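Asks: only geometry, no sequence info:
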């Protein structure tokens, strides 16, 4: 089985899913004539995306902790594929209740997204691209980034 290809397709699916929210945000911005009127859930999605880019740069260019098991010498911690899939799918799971009212459909979509994160993590190890600790790190970053998203969405300024 071509695990490298499968995990790449999953990551592209995650990015396209986030792209759909970007299109929705752009539509809201244009029709509402103000970025302040774009749904906060969509605007805050930028935060974990920026965190992914910063984390990639730090661990891929500045602070290399581990190299790939395939002997390529490329940095492997954290697994970027896993980090992207976990972050995007966990963020989407948090945003979905506003856009999908059918609870059973949301449960099915949540299960699918969790399975895709699991397949990505497992597939990266089976493809010999990452050590188990790399994918655990990718999932951990995904959890942290999605929690930051949650608090950004729900943060309310204190009234004076």
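Replies: Thanks, I have it. Keep in mind it's a predicted model, so treat the numbers as computed, not measured.
Asks: Can you name the secondary structure element that comes next after whichever helix or strand residue 95 is part of?
Replies: Using DSSP states H and E, the element containing residue 95 is helix 80-99. Downstream of helix 80-99, the first helix or strand assigned by DSSP H and E is helix 103-126.
Asks: now for that following helix, which elements pack on it?
Replies: Packed against helix 103-126 by the contact rule (3 or more CB pairs under 8 Å, 6 or more residues apart in numbering; DSSP states H and E) you find helix 3-32, helix 80-99, helix 132-154. Any C-beta I mention is one placed from the backbone N, CA and C, and that applies to glycine too.
Asks: quick check: mean pLDDT across the first one?
Replies: It refers to helix 3-32. Averaging the model's pLDDT scores along helix 3-32 yields 93.
Asks: tell me which residues in the helix or strand just after it are buried?
Replies: Using DSSP H and E, the next helix or strand after helix 3-32 towards the C-terminus is helix 40-43. Within helix 40-43, the residues that count as buried by 16 or more other CB atoms under 10 Å are 41-43.
Asks: As CSV, those residues with distance to residue 106 and pLDDT would be great.
Replies: What follows is those, written out as CSV (distance: CB to CB, whole Å; pLDDT from 0 to 100):
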residue, distance to residue 106, pLDDT
41, 14, 92
42, 17, 90
43, 22, 91
